[in-house]
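S.K.: generate coordinates for the sequence data below:
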Amino acid sequence: MSRIGSDINADATFRKYSEHQRALLDGVRAKGELVKMGGGKDAIEKHRKKGKLFVRERIQKLVDPGSSFVEIGLFAAYGMYEEFGGAPSSGTVFGIGKIHERDVVIVANDATVKAGAWFPITCKKNLRAQEIAIENRIPIVYLVDSAGVFLPLQSEIFPDKEHFGRIFRNNAIMSSMGITQIAAIMGPCVAGGAYLPIMSDEAMIVDKTGSVFLAGSHLVKAAIGEEIENEALGGASVHCEISGVTDHKMKDDDECLKKIRSIIGKLGKKPRLELDREVPMAPRFAGEEIYGILPIDRSKPYDMYQVLARIVDDSELDEYKAGFGKTVITGYARIDGWAVGIVANQRSVVKTARGEMQVGGVIYGDSADKAARFIMACNQKIIPLVFFQDVTGFMVGSRAEQGGILRSGAKMVNAVANSVVPKFTFIVGNSYGAGNYAMCGKAYDPRLIFAWPSAQIAVMGGKQASETLLSIKVQAAEKGGEHISKEKQAKLLKETQDRYEAELEPLFAAARLWIDGIIDPLETRERISRGIEMATHNTEIPRFNPGIIQT
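M.R.: Residues are numbered from 1 along each chain as shown. So this is what the prediction gives:
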């Protein structure tokens with residue numbers, strides 16, 4: 001193994017970069033704390049007066065004391081649905097927690113946000129939770145407290161393949177796969193949403209606060225003229241003592257959560273995937289130094305090796321094809337003891353053996369060929385892959401086209417798409433265009449995908465996109481006989497650039513679940529380790545078929 005040395009100089013520039021990155025992180029954290037308050041202090045107090053625990057209190061009592069809860073989708077719906085008053089965290093909290101030292105996916109409605117109603121992005125978030133449980137073959141717990149579909153947006157959540165009904169389809173599929181599903185009805189559970197807990201393997205209901213029915217009392221009266229209270233229609237006594245729909249009647253939230261822990265604690269142990277792990281070693285350099293490595297101007301180069309030296313165990317990297325395809329770094333390393341294959345974009349300007357200079361952050365044909373081969377090697381050796389993205393895309397221009405950049409790019413994309421080992425992606429800086437795809441963006445099924453506060457995700461950079469959009473507007477106006485002055489063009493350019501820049505921000509991506517969350521770079525090692533540990537529950541690794549990579 002080759003140890004990466006440090007060439008960090010803690011000068012004024014380093015300190016300036018560090019302050020900027022810390023400010024970005026502080027901004028994300030402050031926004032996150034507001035989101036965690038759900039519907040706000042008043043709504044939380046009103047919720048508690050009903051004898052209920054706040055959603056985050058429920059999760060805290062459910063997971064092992066002192067363990068970390070890896071939250072997914074904290075910023076889901078951020079800045080969305082403002083015309084309806086917003087939907088902090090899409091009215092649902094979900095993540096991976098430890099229950100009796102076992103990894104479990106937990107999905108919990110936040111009834112302080114529109115009574116836990118389901119928005120379109122809420123549905124997407126719940127499907128992501130089920131996807132993680134399926135990919136990793138780990139149990140899932142649903143803490144249900146929801147008034148059902150948010151009716152003003154019903155057309156965006158009801159009938160399509162990736163809409164509400166897909167969740168119940170997944171309930172059935174997961175049951176057939178032997179993935180344990182436990183549901184706790186801790187509040188209302190109405191209409192189609194009532195199928196989720198009942199299609200789980202075991203369901204419990206909290207007395208006097210939980211209720212489940214296909215139609216509430218108002219709808220029942222409108223439909224058949226029957227007058228009945230919700231508790232008598234579908235409360236705990238009805239479903240535990242008369243209908244038999246639910247399995248356990250719980251007196252309060254605390255007893256309910258203890259019951260879930262008891263059930264999870266008795267689950268049988270299954271074989272695990274034996275991924276290689278040794279005794280963890282810390283990097284040789286302080287992780288905080290990463291803040292000072294990343295430049296404020298995202299077009300400026302920096303050395304990705306220096307970032308990796310502060311993430312991998314003992315700062316050691318066994319590099320693959322070190323002298324070839326230098327704008328993508330490939331190599332074997334350990335992170336928290338786990339053996340991993342690393343694919344990272346090099347942001348420094350590099351020199352080829354022929355003396356040519358290649359721009360950092362751009363994937364050239366040789367880099368794509370190397371990455372494809374390395375990904376194939378990791379699949380053959382059953383080594384998880386970790387991608388570090390800071391990519392502006394593939395190289396363009398006549399020379400690149402004549403050199404077969406499309407063929408090389410297709411090989412790399414093919415390798416990522418067909419990869420069968422667990423994959424994890426971290427967006428460090430730029431994530432533009434096809435570079436996002438080749439470096440295992442969300443469309444390529446990473447087990448987990450996180451962004452650092454310095455990330456940007458788009459089809460291209462803000463400057464290029466804004467100028468392109470302006471050019472299209474000017475051409476369209478001129479065709480219609482309208483002349484746009486230089487002053488108006490400048491104004492249009494600024495408006496376009498401001499809008500586009502807002503869409504580049506990681507919060508925009510996190511709101512739409514293009515990423516699982518925005519993390520502190522110092523959390524990267526822990527997320528990779530938790531992700532790989534979680535992945536070992538799934539022993540079914542299909543045979544890797546390299547396809548066109550061999551051509």
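
S.K.: sec struct for the closest residue to Gly323 other than its chain neighbours, please.
M.R.: If you skip the residues right next to it in sequence, Gly323 has Ala353 as its closest partner in space, 6.8 Å away by Cβ to Cβ, 6 or more residues apart in numbering. (Glycine included, C-beta is placed from N, CA and C.) Under DSSP: H, G, I helix; E, B strand; the rest coil, the three-state class of Ala353 is coil.

S.K.: quick one, grab the pLDDT at Ala353.
M.R.: Taken from the predicted model, the pLDDT recorded for Ala353 is 84.

S.K.: Ala434 versus that one, what's the distance?
M.R.: Taking Cβ to Cβ, to the nearest Å as the criterion, Ala353 is separated from Ala434 by 26 Å.

S.K.: out of the two, which sits in the more crowded spot?
M.R.: Remark: of Ala353 and Ala434, Ala434 carries more neighbours, 18 against 9, as counted by other Cβ atoms under 10 Å.

S.K.: can you name the next helix or strand after the host helix or strand of the more buried one?
M.R.: Mapping Ala434 onto the secondary structure by DSSP states H and E places it in helix 433-438. Following helix 433-438 in sequence order, the next helix or strand is strand 448-451 (DSSP H and E).

S.K.: partners of the helix or strand following that next one in the sheet?
M.R.: Remark: after strand 448-451, the chain's next helix or strand is strand 456-458, criterion DSSP H and E. Applying DSSP bridges, strand 456-458 is found paired with strand 423-432 (parallel).

S.K.: next one: the strand it pairs with to chain centre, how far?
M.R.: Centroid separation between strand 423-432 and its chain, computed with Cα atoms, centre = their mean, to the nearest Å, is 11 Å.

S.K.: same thing with stretch 107-114?
M.R.: Centre-to-centre, stretch 107-114 and its host chain are 19 Å apart (Cα atoms, centre = their mean).

S.K.: what's the end-to-end length of that stretch?
M.R.: In stretch 107-114, first residue to last residue: 17 Å (Cα to Cα, to the nearest Å).

S.K.: next one: stretch 71-80
M.R.: As for stretch 71-80, its first-to-last residue distance stands at 20 Å under the measure Cα to Cα.

S.K.: contacts for it, please.
M.R.: Under the criterion Cβ atoms under 8 Å, 6 or more residues apart in numbering, residues 31-32, 35-36, 86-96, 119, 121-122, 124-125, 128-129, 132, 448, 507-508, 510-513, 516-518 lie in contact with stretch 71-80.

S.K.: that stretch: how far from the chain's middle?
M.R.: Counting by Cα atoms, centre = their mean, stretch 71-80 comes out at 10 Å from the chain centroid.

S.K.: which parts of that stretch are buried?
M.R.: Across stretch 71-80, burial judged by 16 or more other Cβ atoms under 10 Å covers 71-78, 80.

S.K.: go on, stretch 90-104?
M.R.: By neighbour count on 16+ other Cβ under 10 Å, the buried set for stretch 90-104 is 90-99, 102-104.

S.K.: now the residues you listed in CSV, with distance to Pro295?
M.R.: Rendered in CSV, the data for these read as follows (distance: Cβ to Cβ, whole Å):
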residue, distance to Pro295
Ser90, 34
Gly91, 38
Thr92, 37
Val93, 35
Phe94, 34
Gly95, 32
Ile96, 33
Gly97, 36
Lys98, 38
Ile99, 42
Arg102, 42
Asp103, 37
Val104, 40
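
S.K.: just the ones of the contacts of stretch 71-80 in strands?
M.R.: Helix and strand membership here follows DSSP state E; of the contacts of stretch 71-80, those in strands are 92-96, 448, 517-518.

S.K.: doesn't Cys256 lie inside a helix?
M.R.: Yes - under the criterion used here (three-state DSSP), Cys256 sits inside a helix.

S.K.: for it, the count of nearby residues, please.
M.R.: 27.

S.K.: ok, it to Asp247 distance?
M.R.: Note on Cys256: its distance to Asp247, by Cβ to Cβ, is 12 Å.

S.K.: mind listing what Val238 touches?
M.R.: Val238 makes contacts with 231-232, as judged by Cβ under 8 Å, 6+ apart.

S.K.: any idea how far it is from Val245?
M.R.: Separation of Val238 from Val245 (Cβ to Cβ): 8 Å.

S.K.: helices and strands of this structure: which one bottoms out on pLDDT?
M.R.: helix 462-479 (a mean of 74; mean pLDDT, DSSP states H and E).
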